[in-house]
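J.: Need the 3D shape of this:
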Amino acid sequence: MPEAGLIAKLASDPPLSPEAVARVLQGLGGAAYCWTPGDDSLQWSTNAASVLGCERIGRMPSGAAYSELIEPGSGVGRFDAAHRAPVRDGIRGRLFETIYCLVLPPGSEPRRVWIEDRGVGYFDDSGRLERVQGIVRRLATAWNPKSANGAEPQADRQRLARILDDRLTEAYSEGSEFGFVLVALDRLGRLNDAYGFNVADEVIDIVWQRLRAQLGEGEEIARFSGSKFGIILRRWPAEGLAAAAERFVSAVNATPPRTSAGAVAASVSAGGLIAPRQGRNVSEIFAHAQDALQSARTSAGGTFTTYAPSFDRAAERRSNLRFADDIVSALGDDRVTLAFQPIARSITRDVAFHECLVRINGRDGRVFDGSAIIPTAERFGLTQLIDRRTLELAFGALEAEPDLRLSVNVSPSTIHDGAWLHLLEEHARRGLCDRLIVELTETTTISDLESVRRSVHWLHELGCKVAMDDFGVGYTSFRNLRRLGVDMLKIDGSFICTLMQSHDDRHFVRALLDLASNLDIETVAEWVLDEETAQQLVEWGCTYLQGELIGLATEKPLPAASF
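T.: From the prediction side, this is the model:
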């Protein structure tokens, strides 16, 4: 899971206050909590009721009241899980993971809720538990898996790790090998958005049942995370790892799951390896299986990929994790700043507005720009947090400078983020949205045109202008542009920087500018590097220019009249 390394970081050296940690964990998805056993105070993030699907849970004021809801035998509570977690050298806190079922009072809907609870327990020098901080997610409502022998184990990643550890010991002593396959539901976020959490939970249940039905003698399955399942093959299968894995993938993907909402288009992808040949211990097996799963999802969804070793992969993962930790710390330590790149009117060349570009000041003093930040942020699920902070800083600049106009980028995952939308509503009441331009990427609009159209209309009602960023690299038609009602097109710089050298680019840009003019849509040319290109764009009717010719990004916005 994306937050695994971040929770691990909190255990070794908490860089943020409990309140800041809660904000970060909440932004990663799930509901954050902080429990202090001393006074039994249990504090929840504001989204707890919606994430857990029950208002009563999100208002539980004490650890004792919450623990009373745990069904006996369904799993270990956070108090016991924290005490049972291993103590590691140099680690201040103890990392724990557990799954249990909450049984709610009569009249509640739903009555039983399965919870995934992951966090850090902090102990004093005498071994007394001082604080527990973590994140919970609601799993499938009906999830209560049975193993092949009919028992009801605590089927979570800890159990999976124990089984793998036993199999590795067996393999080393016998000189044998076995297969491990990680199966994951594709596009879970889209299922939640389209059908709601209850239907998505039904799909996860059906996937579990179909996978379990394919288990052969000696094979085992356990939940790896919310929508991922680990399958351990007894020995190196005679038909080969790919064929064995395909048996499970095909069983799920053969027919659409039928839910209370009808048949749902859902599929799984899988990645696997041969242990101990390609995974010498449990952590390696998990890491390599996730690499293979990611390759399967990247190449073609609904398929299986065998792990392919890469000497750079482990180093890259460690580097990305360190940078993700730095991003999280920067969000809590106010090390996120903005740079302002001027955008000028093409004819007069006076500055019309500035684009806000995110910057992070690293612990080592280096400054990272968006090209370094965004890929890691997307991989670790941090883009919504960065977008919120960018918007907060932009409103701060607008409030300080009454004549300033700014544009901010929004990632696809943020356009429907409640906290980001609340920020806009709050500042619209103070008139600041009238000087704000929200930039949507073209790929954002393609995935859900009608939803984005409603968002554009809502932004207009608040007073914002809306621009489509990087236009030209996607497939949005001008008919859809008319339906969306955007105010501005930002032509992707890859077409502008080669404008005077490429015959094809000149034809494309000119046609685009003519069509935009006919639709009364303003245009911005990005990456304008020289005067010759600028003059050509002026001649064709481009509204604004942005790039090195106009000005580089600066710490403070330029005056409106400067060039």
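
J.: Using the three-state scheme, assign Pro402.
T.: Following DSSP: H, G, I helix; E, B strand; the rest coil, the label given to Pro402 is coil.

J.: May I have the predicted confidence score for it?
T.: Looking at Pro402, its pLDDT reads 93.

J.: gap between it and Ala49?
T.: 39 Å (Cβ to Cβ, to the nearest Å). From N, CA and C alone the C-beta is placed, and that goes for glycine too.

J.: quick one: contacts for the residue nearest to Gly362 when sequence neighbours are not counted?
T.: In space, and not counting its chain neighbours, Gly362 is closest to Asp326: 5.7 Å by Cβ to Cβ, 6 or more residues apart in numbering. Neighbour list for Asp326: 360, 362-363 [criterion: Cβ atoms under 8 Å, 6 or more residues apart in numbering].

J.: Report the buried members of the residues you listed.
T.: Ile360 (16 or more other Cβ atoms under 10 Å).

J.: Take the contacts of Asp326 and keep only those in strands.
T.: Counting by DSSP state E, those place Ile360 in strands.

J.: The contacts of Asp326 into JSON lines, with extra columns for distance to Arg510 and pLDDT?
T.: Listed next are those as JSON lines, based on distance: Cβ to Cβ, whole Å; pLDDT from 0 to 100:
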{"residue": "Ile360", "distance to Arg510": "38", "pLDDT": "89"}
{"residue": "Gly362", "distance to Arg510": "43", "pLDDT": "81"}
{"residue": "Arg363", "distance to Arg510": "48", "pLDDT": "77"}
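
J.: hang on, the earlier thing: Pro402 and Ala49: which has the busier surroundings?
T.: Ala49 (16 against 8; other Cβ atoms under 10 Å).

J.: does the more buried one count as helix, strand or coil?
T.: Classification of Ala49 by three-state DSSP places it in helix.

J.: Helix, strand, or coil at the residue nearest in space to the middle of the chain?
T.: For the chain, Gly381 is the residue whose C-alpha lies nearest the centre (Cα atoms, centre = their mean; 2.7 Å). Recorded secondary structure, Gly381: coil (three-state DSSP).

J.: for Cys542, same thing?
T.: Applying three-state DSSP: Cys542 is coil.

J.: Then Leu95?
T.: Secondary structure state of Leu95, per three-state DSSP, is strand.

J.: Tell me the bridge partners for it.
T.: Taking DSSP bridges as the rule, Leu95 bridges to Val120.

J.: Ala48 versus that one, what's the distance?
T.: From Leu95 to Ala48 the distance is 22 Å (Cβ to Cβ).

J.: surely Leu293 meets Leu182?
T.: Yes: with contacts counted by Cβ atoms under 8 Å, Leu293 reaches Leu182, the gap being 5.0 Å.

J.: which regions of the stretch 301-450 of the chain sit below the pLDDT cut-off?
T.: For the stretch 301-450 of the chain, the stretches with pLDDT under 70 are 310-324, 442-448.

J.: Tabulate the CA atom coordinates of stretch 338-356 in PDB.
T.: Coordinates of each C-alpha in stretch 338-356 appear next as PDB, following Å, rounded to 0.1, in the frame of the first residue of the first chain:
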ATOM      1  CA  LEU A 338       5.100  28.300  -4.900                       C
ATOM      2  CA  ALA A 339       6.900  29.700  -7.900                       C
ATOM      3  CA  PHE A 340       5.100  32.000 -10.200                       C
ATOM      4  CA  GLN A 341       5.500  31.900 -14.000                       C
ATOM      5  CA  PRO A 342       4.200  35.000 -15.800                       C
ATOM      6  CA  ILE A 343       1.700  34.600 -18.700                       C
ATOM      7  CA  ALA A 344       1.500  37.700 -20.900                       C
ATOM      8  CA  ARG A 345      -1.000  39.000 -23.400                       C
ATOM      9  CA  SER A 346       0.400  38.200 -26.800                       C
ATOM     10  CA  ILE A 347       0.100  41.700 -28.400                       C
ATOM     11  CA  THR A 348       0.900  44.100 -25.500                       C
ATOM     12  CA  ARG A 349       3.100  41.700 -23.600                       C
ATOM     13  CA  ASP A 350       1.900  42.900 -20.200                       C
ATOM     14  CA  VAL A 351       1.500  40.200 -17.600                       C
ATOM     15  CA  ALA A 352      -2.100  39.000 -17.400                       C
ATOM     16  CA  PHE A 353      -1.700  36.300 -14.700                       C
ATOM     17  CA  HIS A 354       0.700  33.800 -13.300                       C
ATOM     18  CA  GLU A 355       0.700  30.000 -13.200                       C
ATOM     19  CA  CYS A 356       1.500  28.600  -9.700                       C
END
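
J.: buried stuff in it?
T.: Buried residues in stretch 338-356, counting neighbours by 16+ other Cβ under 10 Å, are found at 338-346, 349, 351-356.

J.: Could you do stretch 512-526 as well?
T.: Under the neighbour-count criterion of 16+ other Cβ under 10 Å, stretch 512-526 has 512-513, 516, 521-526 buried.

J.: Just give me the closest of these to Ser411.
T.: Glu526 (17.8 Å; Cβ to Cβ).

J.: Test my guess that the closest one contacts Ile491.
T.: Yes: taking contacts as Cβ under 8 Å, Glu526 lies within contact range of Ile491: 6.3 Å.

J.: follow-up on the earlier one: which members of the buried residues of stretch 512-526 occur in helices, if any?
T.: Residues of the buried residues of stretch 512-526 located in helices (DSSP state H): 512-513, 516.

J.: Please identify which of Leu293 and Leu182 sits among more neighbours.
T.: Leu182 (28 against 24).
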